[in-house]
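Peer 1: Predicted structure and sequence below. I'll ask about it afterward.
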Amino acid sequence: MNKVYTIILLISLFFSCEPSTNQTDATTDEINQTVTSISPIDTTPRVTGIGGIFFFSNDPEKTKEWYSKNLGLEVNQWGASFEFRNANRPEEINYLQWSPFQKDSPYFVPSKKEFMINYRVQNIEGLVKKLKKNGVTIVDSIEIYDYGKFVHIMDEEGNKIELWEPIDSVLTAVGGKTTK
């Protein structure tokens, strides 16, 4: 019986691949339309989302515990990692980091604000070039880590902003609990 199924499968494959059939022409047309409709990878230097929310806390450990107990956040040593899907590539997992920092942490300097937002960006080098051209204060140089590139800037209100060009696959490979 298995031989019969194998023969039928081979015959079906042979005829479905026959170049003179209408089915192949239709499939070729569909492939050509799909290929021409796929846009090239966008490398425009810009923000693509929120990468993290950082804020001062009098007791970061107690704050993380409160959020875990009362709001169900899966906390780790840095705070909580929120997992979401990339809208353009749904198979790709992306992350947003929520982190309470010890009040007056030097990480927020030169800002005097009690929070900092991390923005996910693409083409961080191109974005920094654009920002310099626009007269934006660049606080430091681009730093490269296994999980992405970072740079800090100041907005016109004196808020320090962290820009992050992520490599989410590294964070996915590391694993760990995330808030979904």
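Peer 2: Sure thing, it's come through. Remember, predicted model here, so these are calculated numbers, not experimental data.
Peer 1: Paired strands for the longest strand along the chain, with orientation please.
Peer 2: When the chain is parsed with DSSP state E, its longest strand is strand 46-57. When pairs are called by DSSP bridges, strand 46-57 turns out to pair with strand 93-102 (parallel), strand 115-122 (antiparallel).
Peer 1: quick one: contacts of the last one?
Peer 2: Residues external to strand 115-122 that are found in contact with it (Cβ atoms under 8 Å, 6 or more residues apart in numbering): 42-56, 94, 97, 107-108, 127, 159-166. Backbone N, C-alpha and C define where each C-beta goes, glycine included.
Peer 1: Just the buried positions in it, please.
Peer 2: Of the residues in strand 115-122, 116-122 count as buried by neighbour count, 16 or more other Cβ atoms under 10 Å.
Peer 1: Select the helix or strand of the protein having the lowest average pLDDT value.
Peer 2: Confidence across the helices and strands of the chain bottoms out at helix 2-16, with a mean of 35, counting by mean pLDDT, DSSP states H and E.
Peer 1: quick one: secondary structure of residue 172?
Peer 2: helix (DSSP: H, G, I helix; E, B strand; the rest coil).
Peer 1: which residues does the spatially closest residue to it that is not a sequence neighbour contact?
Peer 2: With sequence-adjacent residues excluded and distances taken as Cβ to Cβ, 6 or more residues apart in numbering, residue 172 is closest to residue 93, at 5.1 Å. With Cβ under 8 Å, 6+ apart as the criterion, the residues that contact residue 93 are 83-86, 168, 171-172.
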